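*Asks:* give the three-dimensional model of this entry:
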Amino acid sequence: MNYVTGNTFFLNFQFIQPAKPDPMKYFLSALMLMASLSVSAQSEFNPKSKSDKDKEFVISELNRKFPVYRKVAKDIWSYAELGFLESQSVERLTGVLRSEGFTITTGVAEMPTAFLATYGSGGPVIGILAEFDALPGLSQDSIASRQVITEGAPGHACGHHLFGTASVAAAVTLKDWLIKNKKAGTVKLFGTPAEEGGSAKVYMVRDGLFNDVDVVLHWHPSNDNDASPESCLAIKQTMFRFYGKSAHAAAAPQAGRSALDGLEAMNYMVNLMREHIPQEARIHYIISKGGLAANVVPDFAEAEYMVRHPDARVVEEIWNRIVEAAEGAAKGTGTAMKYEVISGSFNLVPNETLARLMYNNLKIVGGVKYTPEEMAFARQIQSTLDFKVPPPETAALVQPYKTGGFFPASTDVGDITWVVPTAGLGVATWVPGVPAHSWQAVACGGMSIGMKAMNNAAKTIAMTGIDIFNNPSIVSQAKKELGDYVGPDFKYKSMIGDRKPPLDFRKGKQ
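*Replies:* Okay, the predicted model is just below:
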């Protein structure tokens, strides 16, 4: 089997009966046949390249241990724990890593469910990201029709049970390969909680946990298979609060100062600003609190703002202008203003050096091939979607490599990519067309389709890690590419300032 193409090669022989029997011709034909078979046998049994043997090792190990990892993933799927509350999920993952000889540090970056698992010594140092939080209100059984398990309970609608388990599986496989080959190198698995709104990775970067890491590899569940480099939107989220003086709105308005006036003046100025910002920028806001009764001058008002742009540096520039507008609004209305940065993350910095490497390994691993039972499940679950979807057979394909990819959303992986060369991939854990954050995604992730795709992700990450261990010059190339993007004067500064992690933001929603 050739792992690059997946084709089996063989020789065809055709014999022509001579018109008259000729013993010598038969003898010579037999000799030629034996010689041909000898060449064929030598080709078949020649030792393969070191790279091919390494790939075979990864495939063999992960296929052998697949039942173990499938059970881990299904357990975490059933726990379905929300951000910063993932205690059982963390215990399950760290239990596997601890039994495999990893050193575990829990509670990193002041987050109880964040952890670091380390194995090995020396370089290169390869970081692998693991997520494991669920989403509120998306409880669902692993069947192709809507079937809530527990009303109002969370569900793994973004596939983070698969994400975390595959990353652990890849880390363990890399550890086993280092031992088998007596190689220097370090594997660091980062347990990153609360991706869904908690931005845990930002706090981990801010605390310097990635400072000694050479490259970072990660993946995410998807409805197709793709390892092309891509970027996204940077974001900064802030609460603006205005404080005034209450009074009777009819009898004594002169005694009052309306906090709502201050907030509306700010909103008006920001809306005028929209004409004078880059067209790629986005500013969203809502008024979360604007008073309690119309006949009372409101002494408190609050708005939530989000600023997005493809470059984190531009987000900071726009955000500073919004703060100045808020300060001006407060002064003009005789109110006071305070703001609180809730979250913020950088855009993804694509790294083609690592992305191309990861893509080549994804091509070796391939897509997700369905059994007849899985195909029936796929067609049934696609019938629940009210939009056009790709054929289910496309889950078996790997999307062509392309550059310049972009998705108009945000992720806390972004901060990591500004300080360490990073590459990621998506694997078809969901039936083609199934969107993230849906009950259909929960269902796919709890059955065999999601589990098989998880194994593919683990194989791709492990193969990519081995390539880096075998050729450390890749690290230098990847770091140069990152340096060219951020520039020589760049110094990382978190958008969240000195804010503590919002450990309670999901409490009461479990």
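
*Asks:* go ahead and flag the most central residue of the chain.
*Replies:* When C-alpha atoms, centre = their mean is applied to the chain, the residue found nearest the centroid is His220 (3.9 Å).

*Asks:* next up, the contacts around it.
*Replies:* 158-159, 163, 424-426 (C-beta atoms under 8 Å, 6 or more residues apart in numbering). C-betas here are computed from N, CA, C, even on glycine.

*Asks:* output the below-cut-off pLDDT ranges for the stretch 201-350 of the chain.
*Replies:* The stretch 201-350 of the chain contains no residues with pLDDT under 70.

*Asks:* strands of that one, start to end?
*Replies:* 215-222, 230-232, 234-243, 282-289, 300-309, 336-345 (DSSP state E, counting those that start in this stretch).

*Asks:* which of the ones you listed sits most buried?
*Replies:* strand 215-222 (a mean of 25; mean count of other C-beta atoms under 10 Å).

*Asks:* coming back round to it: kindly reformat the strands of the stretch 201-350 of the chain as JSON lines containing distance to Thr371.
*Replies:* Below are these laid out as JSON lines (distance: least, C-beta to C-beta, whole Å):
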{"stretch": "strand 215-222", "distance to Thr371": "20"}
{"stretch": "strand 230-232", "distance to Thr371": "31"}
{"stretch": "strand 234-243", "distance to Thr371": "41"}
{"stretch": "strand 282-289", "distance to Thr371": "43"}
{"stretch": "strand 300-309", "distance to Thr371": "42"}
{"stretch": "strand 336-345", "distance to Thr371": "39"}
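
*Asks:* Arg274 is nearest to which of those?
*Replies:* With C-beta to C-beta, the closest approach to Arg274 among the strands of the stretch 201-350 of the chain belongs to strand 282-289: 6.5 Å.

*Asks:* correct me if wrong: Phe190 contacts Val125.
*Replies:* No - contact criterion C-beta atoms under 8 Å: Phe190 and Val125 do not qualify, at 11.9 Å.

*Asks:* contacts for stretch 105-119?
*Replies:* Counting by C-beta under 8 Å, 6+ apart, 84-87, 89-90, 94, 97-98, 100-104, 171, 175, 178, 186-194, 200, 203-204, 206-207, 209, 500-501, 503 sit against stretch 105-119.

*Asks:* show me these that map onto strands.
*Replies:* 103-104, 186-191 (DSSP state E).

*Asks:* roughly how far does Gly344 sit from Phe377?
*Replies:* 40 Å (C-beta to C-beta, to the nearest Å).

*Asks:* and if you look at Met447?
*Replies:* Between Met447 and Phe377 the computed distance is 7 Å (C-beta to C-beta).

*Asks:* and those two? which has more neighbours close in?
*Replies:* Phe377 (22 against 19; other C-beta atoms under 10 Å).

*Asks:* elements contacting the helix or strand hosting the more buried one?
*Replies:* Secondary structure from DSSP states H and E places Phe377 in helix 372-382. Packing contacts for helix 372-382, counted by 3 or more C-beta pairs under 8 Å, 6 or more residues apart in numbering; DSSP states H and E, involve helix 439-445, helix 448-470.

*Asks:* that one vs helix 448-470, what angle?
*Replies:* 110 degrees (axes from the mean of the first three to the mean of the last three C-alpha atoms, to 10 degrees).

*Asks:* ok, back up a step: in terms of neighbours, single out the busier of Phe190 and Val125.
*Replies:* Applying other C-beta under 10 Å to Phe190 and Val125 shows that Phe190 carries more neighbours, namely 27 against 21.

*Asks:* tell me which helix or strand in the chain has the weakest average pLDDT.
*Replies:* Ranked by mean pLDDT, DSSP states H and E, the weakest helix or strand in the chain is helix 23-45, scoring a mean of 38.

*Asks:* what's the first helix or strand after that one?
*Replies:* helix 50-64.

*Asks:* quick one, that next one and helix 448-470 angle?
*Replies:* Going by the same axes, to 10 degrees, helix 50-64 makes 150 degrees with helix 448-470.

*Asks:* can I get the helix holding Phe377 in CSV, CA atoms only?
*Replies:* Output of helix 372-382 as CSV, limited to C-alpha atoms (Å, rounded to 0.1, in the frame of the first residue of the first chain):
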residue,chain,number,x,y,z
PRO,A,372,-24.2,1.3,4.8
GLU,A,373,-25.7,1.9,8.3
GLU,A,374,-23.8,5.2,8.6
MET,A,375,-25.0,6.2,5.1
ALA,A,376,-28.6,5.6,6.1
PHE,A,377,-28.0,7.7,9.2
ALA,A,378,-26.4,10.5,7.2
ARG,A,379,-29.3,10.6,4.7
GLN,A,380,-31.9,10.7,7.5
ILE,A,381,-30.2,13.5,9.4
GLN,A,382,-29.7,15.5,6.2
